[in-house]
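1. Need coordinates for the following:
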Amino acid sequence: MCLAIPSKIIRIVGDMGTVDVDGVKRDVSLLMIEEPQLGDYVIVHAGFAIHKIDEITAKETLQLLKEALAFVEKDDISN
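-> Below is the predicted model:
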């Protein structure tokens, strides 16, 4: 199973880019993205940006993931 986490493109050099997820930066291939731009949100799988998503959807998804993590951490502490 794979979890798709929206990542923001913060740097582009040729066909490679650097993406950021909550301060964690990672280099990825942009070969599969049509006209990647700084600030685009993408889904990354196996080191490749494979799909663009809009900013609102990306931010909503990231917020839901943060809430889920907080719930799991709270549950772990109470057990």
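2. alpha carbons only for contacts and neighbour counts from here, please
-> OK.
3. Quick one: neighbours of Arg11, just the number.
-> For Arg11, the number of neighbouring residues by other Cα atoms under 10 Å comes to 15.
4. could you give the mean pLDDT of stretch 4-18?
-> For stretch 4-18, mean pLDDT rounds to 95.
5. Give me the buried positions along that stretch.
-> For stretch 4-18, burial by neighbour count (16 or more other Cα atoms under 10 Å) applies to 5-10, 12, 16-18.
6. now swap in stretch 29-47 and tell me
-> By neighbour count on 16+ other Cα under 10 Å, the buried set for stretch 29-47 is 29-30, 36, 40-44.
7. quick check, nearest of the buried residues of stretch 4-18 to Ala58?
-> The shortest approach to Ala58 among these belongs to Pro6, at 5.5 Å (Cα to Cα).
8. That closest one bridge partners, please.
-> Here Pro6 sits in beta bridges with Ile43, as judged by DSSP bridges.
9. what about it, distance to Ile77?
-> Distance of Pro6 to Ile77, given as Cα to Cα, to the nearest Å: 28 Å.
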